[in-house]
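Engineer: Sequence unavailable; structure follows:
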């Protein structure tokens, strides 16, 4: 099968799976709510579905897609299969923004402070990334800038944790940093959806540049690609999509790392061909992980960020070993 | 003198005028004037550090010069839009990078990047890719993973990628490096055929015998300047070779024509 046909088939398969998982996500959880067993409008389980499960499912789809798409774009841009929004420091910067609202106790004043600061953190992170990476726009400098940003943001988060003014702040911060989809409302969906959609559209528009970058930076320029514009679009797209995602769910790692790999393995390496399937697969992965955390028995629900880290970290290790073998 | 009508038929000229590029405080390209003609193979030769690759990237419009200009069809190449420039000048870098495992067909399609719009490739793009594969004898390899090709096949795939863009100029920085003798001959013949089709071909080469065999015109560079420019026998004169490379060499008559006999280091 030619890669283009394989891509369409994969997209269709992933979309069908997403519909099935979304349906399951609405009925699965501590309170099992099979649709045909629900009573009339006064059945309180309807509240669970409309107020909790549907927003949670929509957010899972949006955030998973944002992370998967960002990962695929960043891997294409840096030509490095280990790149991920986390690596470039955008997620950490968004987290730092959120942590600051908790530190200054702003979060209680208005529910809008936290997401606003998280998006602001991501946006500042993106601007710093472009500034530090410099005008040449080389992938290596972009990655290094990300590592620096990550370190600064992590240090900032640790500092805020240590200096937290109230006994709950530490636990709030910790809880928030281990990303979760629990107890999110339609307000979060309304906030994140437009930002993720605009960010995603910008990222999809870089498809041709990502393909050309297969030939390296000089090769891409010889094909008429402006590296500066590509860098700017990627920074903006990833900033919007990941900033909004972190704002509403906290840091969920490894989706952007795992998903492009699986897709590449299925339909080949052309970077443009990975974008849409990675978004769909990211949505599927996060939704499946979120269903899992809801049905795992225990006193407290496990954060989906923990499940992703448990899946992602060994995956990352295997990738590293495979890459080292290839280089050896 | 070339007749202006036939020159017009052959396509647009590519010329460097008083080009100056400094790298690390050193003039890597030092007041270079060079008018290249379409429809022939021009080889730029010279010792390491002579400025060949820097000149090539200037000619390809990928590097700005501090002084002087590169003109394509009489217009400064720097004034052209990136896509427009890419459609007219194909460039093969010295160390080609292929980041992902792609099949040869997908790889060659990358050469159409500057031609395709937002809605992807059309029939003319597919036809150009097929022609590029055919002219480089790569049609049978179209479905193969590019990372599994031999050196000779890979070199042809790289040239096919550049040809898919249907450029009027093909600039290749050391396209024969790493190829065995037979594949060097094949690649050199391919470049000659491309030039015969009206494309201006400019290559940098290290092997002077190959340069003499392949090129219609040879430009010898040393320390950023052009030492000699002309037919192989004119340009690679014993005197020029002594000045450029500090070697003693002479032309002898071989079975296939004049041969460069490298006598030894000029000490």
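Structural biologist: That came through fine. Source: prediction; values computed, not measured.

Engineer: which residues in chain B form helices?
Structural biologist: B:4-10, B:52-59, B:82-88, B:104-109, B:123-135, B:151-164, B:181-196, B:208-214, B:232-235, B:238-245 (DSSP state H).

Engineer: for chain A, same thing?
Structural biologist: Using DSSP H, helices in chain A cover A:3-27, A:45-47, A:54-78, A:90-103, A:113-133, A:139-162, A:169-177, A:186-204, A:207-212, A:216-222, A:227-249, A:255-267, A:271-295, A:304-327.

Engineer: Next one: residue 170, what pLDDT does it get?
Structural biologist: Reading this off chain A. Looking at residue A:170, its pLDDT is 67.

Engineer: Switch to chain B, please.
Structural biologist: So residue B:170 comes in at 96 (pLDDT).

Engineer: what residues are up against it?
Structural biologist: B:90, B:92, B:159, B:162-163, B:191, B:194, B:199-202 (Cβ atoms under 8 Å, 6 or more residues apart in numbering or on different chains). All C-beta spots, glycine's among them, are computed from the backbone N, C-alpha and C.

Engineer: Run through the stretch 151-267 of chain B and note the low-pLDDT ranges.
Structural biologist: Scanning the stretch 151-267 of chain B with the threshold set as pLDDT under 70 gives B:267.

Engineer: Up against chain B, what does the stretch 101-250 of chain A have?
Structural biologist: Taking Cβ under 8 Å from any Cβ of the partner chain, the part of the stretch 101-250 of chain A that reaches chain B is made up of A:208, A:211-216, A:218-219, A:221-226.

Engineer: For stretch B:93-109, what is the distance to the chain centroid?
Structural biologist: 18 Å (Cα atoms, centre = their mean, to the nearest Å).

Engineer: before we move on, what about stretch A:83-103?
Structural biologist: Worked out by Cα atoms, centre = their mean, stretch A:83-103 lies 11 Å from the chain centre.

Engineer: again, but for stretch B:175-191
Structural biologist: Worked out by Cα atoms, centre = their mean, stretch B:175-191 lies 13 Å from the chain centre.

Engineer: what's it in contact with?
Structural biologist: Applying Cβ under 8 Å, 6+ apart, the contact partners of stretch B:175-191 are B:41, B:92, B:94, B:135-136, B:151-152, B:155-156, B:158-159, B:170, B:172, B:201, B:203, B:205-207, B:210, B:213-214.

Engineer: Quick one: the helices of chain B as CSV, columns for mean neighbour count too.
Structural biologist: What follows is these, written out as CSV (neighbours: other Cβ atoms under 10 Å in any protein chain shown):
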stretch, mean neighbour count
helix B:4-10, 11
helix B:52-59, 24
helix B:82-88, 20
helix B:104-109, 25
helix B:123-135, 16
helix B:151-164, 23
helix B:181-196, 17
helix B:208-214, 21
helix B:232-235, 18
helix B:238-245, 17
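
Engineer: can you tell which of those is closest to residue A:14?
Structural biologist: Across the helices of chain B, residue A:14 has its closest neighbour in helix B:104-109 (21.2 Å, Cβ to Cβ).

Engineer: Could you give the number of residues near the nearest residue to residue A:220 once chain neighbours are set aside?
Structural biologist: Distances taken as Cβ to Cβ, 6 or more residues apart in numbering or on different chains place residue A:212 nearest to residue A:220, at 4.0 Å, with adjacent residues excluded. Residues lying near residue A:212 (other Cβ atoms under 10 Å in any protein chain shown) number 26.

Engineer: for residue A:212, what are its contacts?
Structural biologist: Counted by Cβ under 8 Å, 6+ apart, residue A:212 has contacts A:219-220, A:223-225, B:110, B:113.

Engineer: most neighbours, which of the residues you listed?
Structural biologist: Busiest of the contacts of residue A:212 [other Cβ under 10 Å] is residue A:223, holding 29 neighbours.

Engineer: Quick check: that residue touching residue B:113?
Structural biologist: Yes - using Cβ atoms under 8 Å as the test, residue A:223 is close enough to residue B:113 to be in contact (4.1 Å).
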